[in-house]
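1. Below: sequence and its predicted model.
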Amino acid sequence: MTDQPRRSRAIHVDVEAEYAANPEWDGTGRLKLSFTPADRDVRVPPAVSVFDAASWNGIAIDSTCGGHGTCKKCKVRILDGTIPVSPMDQRAFGPEQLEDGWRLACLAAVHTDLKIEIPPLTTRPKAATVGVGRQVILRPAIMKRYVELDEPSLHDQVPDVERLLAAIDDLELKVDLHALRRIPSVIRAAGWKVTAVIVDELLIDIEPGDTTETHHALAFDLGTTTVVATLLDTSIGTPVAVASMLNKQQPFGGDVITRISATMMDPDTLPRLTELAKDTLAELTGNVCAEAGIEPTQIYEMALAGNATMVALLLGIDPEPIGVAPFILSSRITPAVSAADLGVPIHPAAPAYVLPSLGAYVGGDIVAGTLASGMDRDKRLRLFIDVGTNCEIVLGDGDRLLSTAAPAGPAFEGGQIRCGMRAADGAIEVVSLTEDDVELQVIGDVAPIGLCGSGLVDAVSELVRAGLLDHSGRFITEEAAQELLPKLAGRLTKIGEERIFVLHWAGTEGDVSASTYISQRDVRELQFAKAAISTGWTLLLEEMGVTEQDVQQVLLAGSFGSYLSPASAVRIGLVPKLPVLRIVSAGNVAGEGAKMTLLSQPERAGAEALLKEVSYVELSDRKDFNDRFVDLLAFPG
């Protein structure tokens, strides 16, 4: 059973009240939040709640109400910066506490850089808030039962397994072979006082003594570019550790089509890609276990969300049918597999749940995102866009759900961009142009060495706004730039025959050899990517019989979408032309959806139900796709 969907402060329409009180926010930029004692600095878009900013980054804050502000448990203290006092804060804290900076994290929308103190968890909540705007009842598949057994005798020769199962007579359990092998020695060494480890209806192990306080599961978001692992304590529904790294399949191509092509050209590539995916998951498992200080064998279940190609490669399934028309999956639902089958070194008998796929290019990551964001429950018309090398789009109004996929290419990940790089230290992530200068925000607060996806979108958006790029995507002439913005005109120059705009002079001003710049070709790459995406959601809107002005909310998901400036996305035509407050960062909802399936068995059933509820629209089958694509290459007027 699940609660009715709630909307966290990060995406609730009431955030417009916050905006009215903070008119300086125009939908651009990123804010720095420093959490203590976690000693973590994170960057988030404006208007995200402190609670969501922490949970997206694996920092646990106590809560039982799921962000409604009713349980008053998500107490944090603002050490540096300002958060206005809400009416609910006044009920939760006394005047001295409010003066000392105490606030409810779920109601604290951030508009400035903050330093925040998070108290240690003091409760064991029965409900866990996961994903964006979703609350679930905590009902994990992992259970533990401590039992004290009678020692057998000549007068009591009941077999060990029967003796154990009789002590847990409220459950009808099956016994895993691993558990069967351990039972005789463990129960005797433990003096007949043991803990049964159960996942769903399977007894996977017994442990000596009382270990009922230890419940761990592992959620993976297996992305084409980045893989994220989250270690969960399923007894309280909170993350214990989070780690991410580049998918080790990267040398075989930056997108799924390239990797599929690699397997078609060389039959030895498929097993190699399978091993690289397993190596990635195994390394991340070691990272989160080291951070949490637990043994891998204390993790009893895992879930994985990934696009259809990544899942096929992980399982060693030939992906060629996915990559060529008519684009056919081997199966939408993965048969029962174990973590060991996927190369994940956790408990030897731990089962693995792989989220199902809707289609060849709308995979389990989008099922997870749809589940986490409540697209099937909210009656508002909402547009979900997971921006990446392959962009997946879902449109829903609570009664009808449509999905599609658009080949955006690697531009948003910095691929095919002259000064492009991934979102790492030294990458320009925010760009703002004034009449006099170029203002940059750089990851790591170091000197710029390149440009990541959000910086690329910002740069092009600002150049369009300033008039240095016309709406066809061409740089204006040097003469026109000198007349329009004379103090910026010197940045509009050439490398060889290609026109560029310099964002940062690395050496002497005028020397472009080591500078960071955006080229005319870079602009074209971005135009192709954004046109593919906007064609996708435009055709979905038409299919549903609505217009872009009818859309009440746009959710930008994925690692890139979460840090994309809403104002810049609107200005270049990546998303519908809507007020920036309707365009929100959804965080890593693929990972959040995977976590939900570990924390709540009903949500796992909900993921399966989406296979019947979502209708897939194939863009390549649309005769009007190419015409729409060409029309949408230009930047909006």
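-> Nice, I can see it.
2. Could you use CA atoms for every contact and neighbour count after this?
-> Noted.
3. okay, and the helix or strand of the protein with the least pLDDT?
-> strand 127-130 (a mean of 29; mean pLDDT, DSSP states H and E).
4. avg pLDDT for the helix or strand encompassing Ala590?
-> Taking DSSP states H and E as the criterion, Ala590 maps to helix 589-599. Averaged over helix 589-599, pLDDT sits at 92.
5. Would you mark the buried spots in that helix?
-> Within helix 589-599, the residues that count as buried by 16 or more other CA atoms under 10 Å are Val589, Ala590, Gly591, Glu592, Gly593, Ala594, Lys595, Met596, Thr597, Leu598, Leu599.
6. what do you get for stretch 211-219?
-> Buried residues in stretch 211-219, defined by neighbour count with 16+ other CA under 10 Å: Thr211, Thr212, His215, His216, Ala217, Leu218, Ala219.
7. In strands, which of the residues you listed fall?
-> Here DSSP state E is the test, and the buried residues of stretch 211-219 give His216, Ala217, Leu218, Ala219 as lying in strands.
8. what sits against the last one?
-> What that stands for is Ala219. Residues in contact with Ala219 (CA atoms under 8 Å, 6 or more residues apart in numbering) are Ala229, Thr230, Leu231, Leu232, Met302, Ala303, Leu304, Gly591, Ala594, Lys595, Leu598.
9. Let me know the closest of these to Gly316.
-> Distance to Gly316 across the contacts of Ala219 (CA to CA) is lowest for Leu304, with 15.4 Å.
10. Thought Leu355 was touching that closest one, still the case?
-> Yes. Leu304 is within contact range of Leu355, at 6.3 Å (criterion: CA atoms under 8 Å).
11. which residues do these two both contact?
-> Ala594.
12. who touches the closest residue to Asp522 other than its chain neighbours in this structure?
-> Excluding the flanking residues, the one nearest Asp522 by CA to CA, 6 or more residues apart in numbering is Ile417, at 5.3 Å. Counting by CA under 8 Å, 6+ apart, Ile417 touches Ala411, Arg521, Asp522, Glu525.
13. What helix or strand is the third one located in?
-> Same thing as Asp522. Assessed by DSSP H and E, Asp522 sits inside helix 520-544.
14. Summarise which helices and strands the helix or strand just after that helix is packed against.
-> As assigned by DSSP H and E, the chain's next helix or strand after helix 520-544 is strand 553-557. With contacts taken as 3 or more CA pairs under 8 Å, 6 or more residues apart in numbering; DSSP states H and E, strand 553-557 sits against strand 382-386, strand 583-587.
15. contacts for strand 553-557?
-> For strand 553-557, the surrounding residues in contact (CA under 8 Å, 6+ apart) are 369, 380-387, 562, 564, 575, 582-589.
16. Could I have the buried ones of those as ChimeraX selection syntax?
-> Entered in ChimeraX, the line below selects the buried ones among these, by 16+ other CA under 10 Å:
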select :369,381,382,383,384,385,386,387,562,564,575,582,583,584,585,586,587,588,589
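17. what's the closest residue in space to Leu358 that isn't next to it in sequence sitting at in phi/psi?
-> Of all residues not flanking Leu358 in the chain, Leu611 sits nearest, at 5.9 Å (CA to CA, 6+ apart). Dihedral pair for Leu611: phi -60, psi -30, per degrees, to the nearest 10.
18. ok, Leu611 - how many residues close by?
-> 17 (other CA atoms under 10 Å).
19. quick one: Arg604 is in a strand?
-> No. Under DSSP: H, G, I helix; E, B strand; the rest coil, Arg604 falls outside any strand and is assigned helix.
20. would you list the buried residues of helix 589-599 in TSV and tack on distance to Tyr146?
-> Shown next, in TSV, are these (distance: CA to CA, whole Å):
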residue	distance to Tyr146
Val589	35
Ala590	34
Gly591	31
Glu592	30
Gly593	30
Ala594	28
Lys595	26
Met596	26
Thr597	25
Leu598	22
Leu599	21
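21. weakest of the helices and strands packed on strand 553-557 in terms of mean pLDDT?
-> Of all the helices and strands packed on strand 553-557, strand 583-587 carries the lowest average pLDDT, namely a mean of 84.
22. Any figure for the gap between Glu479 and Thr434?
-> Distance, Glu479 to Thr434, using CA to CA, to the nearest Å: 19 Å.
23. how many neighbours does the closest residue to Glu172 other than its chain neighbours have?
-> Nearest non-adjacent residue to Glu172, counting by CA to CA, 6+ apart: Glu201, 6.8 Å away. A total of 14 residues lie near Glu201 under the criterion other CA under 10 Å.
24. And Pro184, by the same measure?
-> The number of residues packed near Pro184 is 13, by other CA under 10 Å.
25. Make TSV out of the helices and strands packed on strand 553-557 and add distance to Ala167.
-> Putting the helices and strands packed on strand 553-557 into TSV (distance: least, CA to CA, whole Å) gives the following:
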stretch	distance to Ala167
strand 382-386	48
strand 583-587	44
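26. among those strands, which is nearest Asp169?
-> Among those, the nearest to Asp169 by CA to CA is strand 583-587 (42.5 Å).
27. Any stretches of this structure with poor pLDDT?
-> For the chain, applying pLDDT under 70 flags the ranges 1-28, 55-58, 60, 62-71, 121-134.
28. quick one: Leu281 from Asp200, how far?
-> Using CA to CA, Leu281 is found at 23 Å from Asp200.
29. okay, these two: which has more neighbours?
-> Between Leu281 and Asp200, Leu281 has the larger neighbour count (other CA under 10 Å), namely 27 against 16.
30. Pull the contacting residues for the residue lying closest to the more buried one once chain neighbours are set aside.
-> Leaving out its chain neighbours, the residue that sits closest to Leu281 by CA to CA, 6+ apart is Val344, at 6.1 Å. Neighbour list for Val344: Lys278, Leu281, Ala282, Thr285 [criterion: CA under 8 Å, 6+ apart].
31. Summarise which helices and strands the following helix or strand past the least confident helix or strand of the chain is packed against.
-> Beyond strand 127-130 on the C-terminal side, the first helix or strand identified by DSSP H and E is strand 134-137. The helices and strands touching strand 134-137, judged by 3+ CA pairs under 8 Å, 6+ apart, are strand 127-130.
32. number of nearby residues for Glu542?
-> Glu542: 11 surrounding residues under other CA under 10 Å.
33. Out of the contacts of Ala219, which is nearest to Glu462?
-> Distances from Glu462 to the contacts of Ala219, taken by CA to CA, are shortest for Gly591, at 31.9 Å.
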